[in-house]
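Chemist: Attaching a predicted model along with its sequence, questions to come.
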Amino acid sequence: MTYLLLAVLGVLGAVAVGSLLVGSQPVGIGQALRVLLSDDRSDAAVIVHDLRMPRTVLGICAGIALGLAGALTQSLTRNPIADPGILGVNAGAAFGVLVAVVGFGIGQFTGYVWFAFAGAAISTTLVYLIGNTGPPTTAPVRLVLAGTAVGAALVACTEGIVFLDPKAFDEYRFWIVGDVAKPELSVTGQLLPFLAAGTVLALLLGPPLNALALGDDLGGGLGVRIARTRILTGIAVLLLAGAATAAAGPIAFVGLAAPHIARVFTRADQRWLLPFAAVIGAVLVLLADILGRVVLPSGELRVSIMTAIVGAPFFVFLVRRKRAVA
Amino acid sequence: MSARSSIRVAGLSLRYSPRAFATSALLGVLVVVLVGYALTVGKFTIPVGQVLSMLTGTPGPQGVDYVFRAVRMPRVLTGVLVGIMFGVAGDIIQSLSRNPLGSPDVLGFGGGAATGALLQILVFGGGAAAVAGSAIAGAFATAILVYVIAYRRGVVSYRLVLAGIGIAALLAAVNRYLLISADLNEAYRAAVWLTGSLLDRTWDHVTIATVAAAVLIPAAFVLSTRLTLLEMGDDTSAGLGVTPERSRAALFVIAVGLTGAAVASAGPIAFVALAAPHIARRLVNAAGPSLAASGLVGAVLLLGADLACQQVFPTGDLPAGVATGALGGLYLAIVLGTRWRRAVR
């Protein structure tokens, strides 16, 4: 299993190198390595350092976060089609962006990234509180429904604000299409502590989630504190998906697909599933981003649109194959 | 189970529950009251007496008459018809998919209709009729795609919902791509359309909605008994003489047609198709589908949402879809928070 994980990491490395080389201005491997080691401010160096490096780093971070968040969400809700977006993360983050732009007049990405994070935090907490009232047996379905409900209400409020303010609409329509091509490496840096904390927390949750996968009764019988595990999982999802969404906007299907692909290698063991899902998530985001750069004759297709175009057929395949299980 | 009586007219037996009948009657009255209110209020008030006389054909003062016939009547009539169509379509699809989330919006039909309309608005630049046609075509294309994907020796509930969610996400990405490729003004217009609105409706919209409703709503009622049987499971319904697959396909076509026509007339208004059946079932207190109540609740929701937008933001011209989304989401959240067990069948 360890070797398998190393192999997947190797794939990630290869894709990351590819992400430095491919684009409208191709850069050869030798040239890329040379300018990576010594930045001589040549055209190739500027492209690699200032454009493709930040983009690749953000892609890897967002992919890891989305893969982990997806795996956690699916095991928390026991729902194979669960995705962080379902828990209201995206809708909350979008609402946060709008509050920043309209309420505080912040037009800079580095400024509203925190509002996006706060919005995601509030909506996820709300979803969690609503989804956790009532008998425990219905908890998984209820979380999904609560996420749909809160998400829809927030999206509607966001749209309401947008239609009263055309400037906000312009900012919003670009943010809502997720993208890793942000020039500011500092954004990734700002969110790195949250991503790191979320990743560590997620990886620690493997054993208790394994026990909970047997059902609340059996899991509780094995000595796992059900409520605490659920809350910690929720916090990890929030940290990971919130930070990724704040930095890159909503990126569809990665949180959904990465755990399913990971399960091909690991079966249902959460201790292995989580790291595999993380690495596969990063591979998916990078691949989608690279594809988006070359698929159009001129210009680029943003990464979230690429993940949707590639992700939907995959999803269809999952649905058709047989009963998908989390 | 509530008490049921049956009525026989010319060899046709109709079973109905008194509670469902009373509820539908009350909802019908509520729709009429809302229609009346919506016709009187707006940028200026038209007194009730004048509205009644204009309805009977007597022309009012020139300006008032114009506003009444060209602005308010199309808006209100479109609202009633679209609300009914969304409510009925939502009830059919929730019942077929045996999933409280299985509404036309979740299954991607609304998104498909929107993609069709967006392509027309932003790329081909057709007029209102062309936009409507593209929306209906988009809804059907999406539905066929979802159905084909979900089909594997029969269509099973969870596969239908899953396939729908996948396709809906793909279409959402396409719609967003279209929105960022367009220039700001065009994109804004398209985004208002995407939210769903009763603003600026014309008699063209009323015509589209009326024709679709006149054909599809009666068909839905004729087949609604089969819907109740299908909810009992394929084996039971087959034993009772219903061909499950064929009945499902027919009902599915009707529901998609209703959705496409509703979206074509007013845009993909959120939550009406999802919330109306939930509310109707609670009001009627029945386990199975109740198309009449769902349709009327849909009309109440849409008219109420449009009035709310009009009253709260009199100058904003806020699309009704904003209110249905916000209130629908809130409603679902409250249901979940208080009486969870009854929200999900």
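Modeler: Now that the structure is in, tell me what you want to look at. In this text the structure is predicted, and so the values were computed from the model without any measurement.

Chemist: give the contact list for the residue nearest to A:Gly23 when sequence neighbours are not counted.
Modeler: The shortest distance from A:Gly23 to any non-neighbouring residue, by CB to CB, 6 or more residues apart in numbering or on different chains, is to A:Arg293 (5.0 Å). Any C-beta I mention is one placed from the backbone N, CA and C, and that applies to glycine too. A:Arg293 makes contact with A:22-24, A:300, according to CB atoms under 8 Å, 6 or more residues apart in numbering or on different chains.

Chemist: Please report how far A:Arg293 lies from A:Asp179.
Modeler: With the distance defined as CB to CB, to the nearest Å, A:Arg293 ends up 12 Å from A:Asp179.

Chemist: hang on, the earlier thing: return the closest of the contacts of A:Arg293 with respect to chain B.
Modeler: Nearest to chain B out of the contacts of A:Arg293 is A:Glu300 (CB to the nearest CB; 11.3 Å).

Chemist: where does the closest one land in three-state SS?
Modeler: Three-state assignment for A:Glu300 (DSSP: H, G, I helix; E, B strand; the rest coil): coil.

Chemist: Next, the contact list for it, please.
Modeler: Shown in contact with A:Glu300 (CB under 8 Å, 6+ apart): A:24, A:181, A:292-293.

Chemist: Among those residues, which lie within helices?
Modeler: A:292-293 (DSSP state H).

Chemist: Report the central residue of the chain.
Modeler: Just so you know, I chose chain A. The centroid of chain A falls nearest to A:Leu66 when counting by CA atoms, centre = their mean (2.6 Å).

Chemist: Chain B is the one I meant
Modeler: Most central in chain B (CA atoms, centre = their mean) works out to B:Phe86, at 1.1 Å.

Chemist: do you know how far it is from chain A?
Modeler: 15 Å (CB to the nearest CB, to the nearest Å).

Chemist: repeat for B:Leu258
Modeler: From B:Leu258 to chain A the distance is 21 Å (CB to the nearest CB).

Chemist: I'd like to know how many residues surround that residue.
Modeler: Close neighbours of B:Leu258, defined as other CB atoms under 10 Å in any protein chain shown, add up to 33.

Chemist: which one among the contacts of A:Glu300 gets closest to B:Ser290?
Modeler: Minimum distance to B:Ser290 across the contacts of A:Glu300 is 47.2 Å, recorded for A:Gly292 (CB to CB).

Chemist: need the contact list for that closest one.
Modeler: Contacts of A:Gly292 (CB under 8 Å, 6+ apart): A:300-303, A:305-306.

Chemist: ok, now how distant is it from B:Lys43?
Modeler: 47 Å.

Chemist: Repeat that for B:Leu171.
Modeler: To B:Lys43, B:Leu171 is 36 Å away according to CB to CB.

Chemist: Quick check: which ranges of chain B have low pLDDT?
Modeler: Across chain B, residues meeting the criterion (pLDDT under 70) sit at B:1-16, B:153-158, B:241, B:287, B:316, B:336-345.

Chemist: Can you check which helix is longest in it?
Modeler: Chain B, longest helix under DSSP H: helix B:203-231.

Chemist: Flag every buried residue along that one.
Modeler: B:205-210, B:212-213, B:216-217, B:220, B:223-231 (16 or more other CB atoms under 10 Å in any protein chain shown).

Chemist: sorry, back to before: Serialize the contacts of A:Glu300 to a markdown table and add fields for pLDDT.
Modeler: Below are these laid out as a markdown table (pLDDT from 0 to 100):
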| residue | pLDDT |
| --- | --- |
| A:Ser24 | 73 |
| A:Ala181 | 75 |
| A:Gly292 | 88 |
| A:Arg293 | 86 |
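
Chemist: Among the contacts of A:Glu300, which one sits closest to chain B?
Modeler: Comparing the contacts of A:Glu300 against chain B with CB to the nearest CB places A:Gly292 closest, at 10.8 Å.

Chemist: Name the residue most distant from the centre of the chain?
Modeler: Assuming you mean chain A. Farthest-out residue of chain A from its mean C-alpha position, per CA atoms, centre = their mean: A:Asp40, at 34.3 Å.

Chemist: You answered for a different chain; I wanted chain B.
Modeler: If you look at how far each residue of chain B sits from its centre, by CA atoms, centre = their mean, the farthest one is B:Pro61, at 34.8 Å.

Chemist: filter the contacts of A:Arg293 to the buried ones?
Modeler: Neighbour-count burial (16+ other CB under 10 Å) applied to the contacts of A:Arg293 gives A:22-23, A:300.

Chemist: In a markdown table, list the residues you listed along with pLDDT.
Modeler: Formatted as a markdown table, those follow (pLDDT from 0 to 100):
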| residue | pLDDT |
| --- | --- |
| A:Val22 | 82 |
| A:Gly23 | 77 |
| A:Glu300 | 78 |
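
Chemist: And those residues, which is closest to A:Ala153?
Modeler: Nearest to A:Ala153 among these, counting by CB to CB, is A:Glu300 at 33.2 Å.

Chemist: Give me the phi and psi for that closest one.
Modeler: With angles defined as degrees, to the nearest 10, A:Glu300 sits at phi -130, psi 160.
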